[in-house]
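A.B. asks: Turn this into a model:
(one chain, ligands or ions: 2)
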Amino acid sequence: MRIIMVACGEYGARVVNTVASHGLAPDIVAVFDYDDYSGEFLDDPSSLLPPEIPDADLTVAAGLFGDLNLVAAEIAVESGSKAIIVESHAPGQLPEGLKSEISGMVESAVFPSPFCSLDTTGNPFIDSFASGFGKPEVEMDVKESVLAVRVKRSAPCGSTFYVAERIRGVPLHEVDVAAGEGFHNYPCLASMEADPALGDTHLHVAGYLTREAFKRAAGVPGVHARVNPQECLGEDCGFLCMDVCPLVRLSMNTIRRSVTAEVDPFSCGACERCARECPHGAIEMINPRP
Ligand code: SF4
Ligand code: SF4
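C.D. replies: Ligands and ions are numbered 1, 2, ... in the order given. Sure thing, here's the model as predicted:
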């Protein structure tokens with residue numbers, strides 16, 4: 001696969017370094033760096049096109065704000081890319097109008113927000129990238145504690161590798177907390193501003209996704225929401241808890257709709273929004289630590 005990376009700022013640089021140093025260096029045919037450009041509005045995006053653009057299959061845009069994303073889309077078009085990934089990690093970084101415009105320019109376009117929510121889509125080029133970078137996934141050898149960790153898929157910024165280095169030797173019931181601490185020490189560069197689309201910040205959501213990977217591999221869920229089926233009214237309340245869960249808003253099955261609501265304890269980030277929203281007090285937060 002031939003990949004063009006279009007990057008800006010510290011976040012963009014991290015993504016390029018992670019992707020290149022963890023397997024995709026031979027696939028990267030060009031890196032276009034827009035560090036010198038700080039505006040969000042462009043009258044003519046093509047005025048910022050590089051003089052030479054190689055042929056490519058996939059264009060990846062990381063750390064670009066506003067109309068600069070259109071430059072990445074034009075690079076994708078010029079390169080013949082069949083797919084483009086345009087991440088955002090801050091509210092307003094990629095307005096809906098720009099997404100529509102980019103979708104109309106490139107055959108297949110995805111807009112993971114945050115980038116570490118990227119999963120496979122059915123497009124072979126996007127899926128080839130997403131097999132190594134996107135929503136974190138790890139494997140562990142465990143006994144009472146973590147013996148070894150293998151990163152199957154890292155957050156594109158590299159935070160999953162950083163956390164994996166620090167989780168060996170941690171008792172299984174402390175993996176959730178240790179993964180959260182490792183993630184914050186990296187530190188994640190996602191925004192701390194609440195995104196109305198998520199109902200939470202990109203930083204928090206990225207943390208939930210990282211912790212999920214380590215909790216799932218350890219087989220111990222950590223603090224999570226639990227629905228009392230005797231109290232839950234399900235359809236009769238319209239599943240209000242699902243409306244406020246930031247992970248359900250990311251199209252994850254963290255709260256499932258059954259006769260009653262059901263929470264997946266591993267992907268739950270313990271934000272407590274569902275517990276506060278439930279009008280019947282049917283959700284409590286559980287701490288399974290001994
Ligand atoms: S908001 Fe409460 S009552 Fe409604 S579906 Fe969720 S848990 Fe059940
Ligand atoms: S506490 Fe509730 S709203 Fe928050 S992540 Fe868990 S299930 Fe979703």
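
A.B. asks: How about the longest strand along the chain, which residues are buried there?
C.D. replies: Secondary structure of the chain read by DSSP state E shows that its longest strand is strand 146-153. Residues V146, V149, V151, R153 are the ones in strand 146-153 that count as buried (16 or more other C-beta atoms under 10 Å). (Glycine included, C-beta is placed from N, CA and C.)

A.B. asks: residue boundaries of the strands in the stretch 151-290 of the chain?
C.D. replies: Ranges of strands within the stretch 151-290 of the chain are 194-195, 200-201, 224-227, 255-257, 261-263, 283-286, based on DSSP state E, counting those that start in this stretch.

A.B. asks: Do any residues in the last one lie close to ligand 1?
C.D. replies: Spelled out, it's strand 283-286. Yes - using C-beta under 6 Å from any ligand atom, strand 283-286 reaches ligand 1 at I283.

A.B. asks: what packs against that strand?
C.D. replies: When contacts are defined as 3 or more C-beta pairs under 8 Å, 6 or more residues apart in numbering; DSSP states H and E, strand 283-286 sits against strand 224-227, helix 273-277.

A.B. asks: is any part of the last one close to ligand 2?
C.D. replies: The reference is to helix 273-277. Yes - counting by C-beta under 6 Å from any ligand atom, ligand 2 has neighbours in helix 273-277: R273, C274.

A.B. asks: For the protein, identify the residue most remote from the centre.
C.D. replies: Most distant from the centre of the chain: Q230, at 34.4 Å, with distances by C-alpha atoms, centre = their mean.

A.B. asks: so how far is V259 from that one?
C.D. replies: Distance of Q230 to V259, given as C-beta to C-beta, to the nearest Å: 12 Å.

A.B. asks: repeat for S79
C.D. replies: Per C-beta to C-beta, S79 is found 51 Å from V259.

A.B. asks: between these two, which one's more packed in?
C.D. replies: S79 (21 against 9; other C-beta atoms under 10 Å).

A.B. asks: Let me see the contact set for the more buried one.
C.D. replies: S79 makes contacts with I4, I53, P54, D55, A56, T59, as judged by C-beta atoms under 8 Å, 6 or more residues apart in numbering.

A.B. asks: Kindly recompute the last result at 10 Å.
C.D. replies: S79 sits next to R2, I3, I4, V29, A30, I53, P54, D55, A56, D57, L58, T59 when contact means C-beta atoms under 10 Å, 6 or more residues apart in numbering.
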